[in-house]
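# coords below, sequence missing:
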């Protein structure tokens with residue numbers, strides 16, 4: 001009895017033909033099995049990712065493609081501004097980028113989202129902190145900083161201490177994580 005050839009033992013031409021018939025998820029799985037398939041399977045490109053995100057399974061799971069990191073990610077990783085012309089069927093879908101890639105510093109020293117930029121995502125407001133250049137949820141209504149920023153935490157603590165010491169101060173802004181009304185860059189208090 002002759003042994004059956006395995007996928008890895010097939011000629012390169014046959015492997016290449018098989019890869020062209022695989023779904024996106026299967027291609028990724030095959031590419032991650034071993035070094036030989038990692039190099040044999042062609043690199044991902046945005047056109048392939050866009051085709052993959054238009055499939056029913058990707059639509060049902062709210063998956064979107066990022067043109068920078070070439071990953072298919074959940075919709076929560078993309079700003080609302082990436083959902084118009086850059087939506088799945090939009091004319092600029094191949095230019096869409098996730099929030100993480102938008103906040104990364106590029107080789108020229110800039111990023112797609114500048115410090116102080118507000119990023120709106122499904123009812124939540126994020127900010128690229130002007131101090132630490134990281135991003136996160138807006139800390140309060142009047143102070144546009146990321147709540148995880150160390151300098152933000154120190155300034156808020158100082159403001160709270162000063163409010164506590166001064167009896168005529170009514171208080172500082174509401175520090176609810178998802179509320180945003182004004183765009184002032186300083187903590188304001190009523191005297």
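Sure thing, it's come through. Quick caveat, the model's predicted, so the values are computed rather than measured.
# Could I get the phi/psi values of the nearest residue to residue 68 once chain neighbours are set aside?
Nearest residue to residue 68, sequence neighbours excluded (CB to CB, 6 or more residues apart in numbering): residue 101, at 3.8 Å. Any C-beta I mention is one placed from the backbone N, CA and C, and that applies to glycine too. The phi/psi pair for residue 101 (degrees, to the nearest 10) reads phi -70, psi -30.
# pretty sure residue 101 is in contact with residue 112, am I right?
Yes - with contact defined as CB atoms under 8 Å, residue 101 counts as touching residue 112 (7.3 Å).
# more neighbours, these two?
Each of residue 101 and residue 112 had its neighbours counted (other CB atoms under 10 Å), and the higher figure belongs to residue 101 (21 against 15).
# Lowest-scoring secondary structure element of this structure by mean pLDDT?
helix 150-165 (a mean of 67; mean pLDDT, DSSP states H and E).
# Residue 20 - how many residues pack around it?
Neighbour tally, residue 20, other CB under 10 Å: 8.
# Tell me where the protein has strands.
For the chain, the strands defined by DSSP state E occupy 63-65, 72-74, 118-121, 124-128, 135-137.
# Throw those into a markdown table and include distance to residue 82 and mean pLDDT, thanks.
A markdown table is the format used below for those (distance: least, CB to CB, whole Å; pLDDT from 0 to 100):
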| stretch | distance to residue 82 | mean pLDDT |
| --- | --- | --- |
| strand 63-65 | 8 | 88 |
| strand 72-74 | 11 | 88 |
| strand 118-121 | 9 | 85 |
| strand 124-128 | 13 | 81 |
| strand 135-137 | 15 | 74 |
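# Point out the one among those that comes closest to residue 11.
Counting by CB to CB, residue 11 lies closest to strand 72-74 out of the strands of the chain; the figure is 30.6 Å.
# tell me which strands and helices the closest one is in contact with?
Secondary-structure packing of strand 72-74 (3 or more CB pairs under 8 Å, 6 or more residues apart in numbering; DSSP states H and E): helix 46-53, strand 63-65.
# among these, which is the most enclosed?
strand 63-65 (a mean of 24; mean count of other CB atoms under 10 Å).
# which other helices and strands contact that strand?
Using 3+ CB pairs under 8 Å, 6+ apart, strand 63-65 sits against helix 46-53, strand 72-74.
# How far does that strand sit from its chain's centre?
Relative to the mean C-alpha coordinate of its chain, strand 63-65 is positioned 11 Å out (CA atoms, centre = their mean, to the nearest Å).
# so where's this structure uncertain?
By pLDDT under 70, the weakly predicted segments of the chain are 1-2, 139-153, 156, 162-191.
# try 80
1-5, 23-25, 43-44, 83-91, 105-106, 109-110, 115-116, 129-191 (pLDDT under 80).
# domains of it?
By the assignment in automatic domain parsing, the chain contains the domains 7-103, 113-191.
# quick one on the thing from earlier: for the strands of the chain, which one ends up most surrounded?
strand 63-65 (a mean of 24).
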